[in-house]
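K.L.:
no FASTA, just this:
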């Protein structure tokens, strides 16, 4: 090993699952001090997961850490499974940058402060984490089903529009939400780059890479979903907390207001990496207030990167 080489610690976890090799893999660089932006991007590309997180000291002492989130090709302001998994890793190790951690964690991120609560069993073992999405609900343009369908390798009639047209929505990270008509249609879906590129150009003002979150109802407050983000070099994501949160928030605009609604999002089934994302969506005075994203994580690997 060259004498000038640096080592950087990392942990990988599978998120939104209690079963190793299911859920959504995440790499957590538990001490990213000394890494610059380009090095973070290279490390994220090397892991090749949908996201990799980099933990840094916070700018404000009352917060736990700064967390930066990278896909294989870009930095993003917020994402669900990176927060759930990173909080699990830090809570399990018990401290970060010399600060002991309890069951309340606050991350500084590009999208704002992310608040996390940690659940433990009687022995203190971390069982799961719950995050609150940092952004308000932002609803963008609707997309006619005949334009959306070729982007996801489906026919127009495979898209369910009785409740809503395909639509841009965000609570921190923007997605196109598309309800499809059946599990069979969901299974046939995919990404087609030529029409998707045209769609992105036509909606350049949305400032979105056209990551597409498809879902269909399989029971009361239970959806099956898939997410495609080819412009982020993510052919398919096995669990997408930020997209699930956007969906949960958006659904509050389609139904009579209730103080709280719980939704189960099942994702990754078609990939052989079943994930379970639990949402709690709260309203206040008849309008969306906030959404919480909950899930379990399981340790897979730990080691050091050599730079």
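P.N.:
Ah, there it is. Bear in mind the structure is a predicted one, so any value in this text is a computation, not a measurement.
K.L.:
okay, now residue 139: neighbour count?
P.N.:
16 (other CB atoms under 10 Å). Placement of C-beta: from N, CA and C, glycine included.
K.L.:
Tell me which residues touch it, please.
P.N.:
Residue 139 makes contacts with 167-169, 250, 253, as judged by CB atoms under 8 Å, 6 or more residues apart in numbering.
K.L.:
if we go to 10 Å?
P.N.:
164, 167-170, 177, 246, 249-250, 253, 288 (CB atoms under 10 Å, 6 or more residues apart in numbering).
K.L.:
How about residue 141?
P.N.:
165-168, 176, 202-203, 205-206, 208.
K.L.:
which among those residues gets closest to residue 258?
P.N.:
residue 167 (21.2 Å; CB to CB).
K.L.:
quick one: residue 186 is in a helix?
P.N.:
Yes: the assignment for residue 186 by DSSP: H, G, I helix; E, B strand; the rest coil puts it in a helix.
K.L.:
mind listing the helices for this structure?
P.N.:
37-47, 80-93, 145-151, 183-188, 193-202, 241-251 (DSSP state H).
K.L.:
would CSV of these with mean pLDDT and mean neighbour count be doable?
P.N.:
Listed next are these as CSV, based on pLDDT from 0 to 100; neighbours: other CB atoms under 10 Å:
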stretch, mean pLDDT, mean neighbour count
helix 37-47, 98, 16
helix 80-93, 97, 28
helix 145-151, 98, 19
helix 183-188, 98, 16
helix 193-202, 97, 14
helix 241-251, 96, 29
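K.L.:
For residue 28, which of these is the nearest?
P.N.:
Each of the helices of the chain has some distance to residue 28 by CB to CB; the shortest is helix 80-93, at 4.8 Å.
K.L.:
ranking the contacts of residue 141 by neighbours, who comes first?
P.N.:
Most surrounded of these: other CB under 10 Å gives residue 176, at 30 neighbours.
K.L.:
quick one, what contacts it?
P.N.:
Residue 176 touches 140-143, 148, 151-152, 166-169, 196, 199, 203, 206, 208-214, 227-228, 243, 246, counting by CB under 10 Å, 6+ apart.
K.L.:
In strands only, show me those.
P.N.:
Mapping the contacts of residue 176 onto strands (DSSP state E) picks out 140-142, 167-169, 212-214, 227-228.
K.L.:
Out of those residues, give me the one that has the most neighbours.
P.N.:
residue 214 (27 neighbours).
K.L.:
returning to that earlier point: residue 11: which of the helices of the chain is closest?
P.N.:
Evaluated over those, closeness to residue 11 peaks at helix 80-93, with 5.1 Å, by CB to CB.
K.L.:
quick one: that closest one to chain centroid distance?
P.N.:
12 Å (CA atoms, centre = their mean, to the nearest Å).
K.L.:
tell me the angle of that helix relative to helix 241-251?
P.N.:
Orientation check (axes from the mean of the first three to the mean of the last three CA atoms, to 10 degrees): helix 80-93 against helix 241-251 gives 120 degrees.
K.L.:
Show me what the closest residue to residue 76 other than its chain neighbours bridges to in the sheet.
P.N.:
Leaving aside its chain neighbours, residue 76 sits nearest to residue 69 (5.2 Å; criterion: CB to CB, 6 or more residues apart in numbering). Beta-bridge partners recorded for residue 69 (DSSP bridges): residue 53, residue 76.
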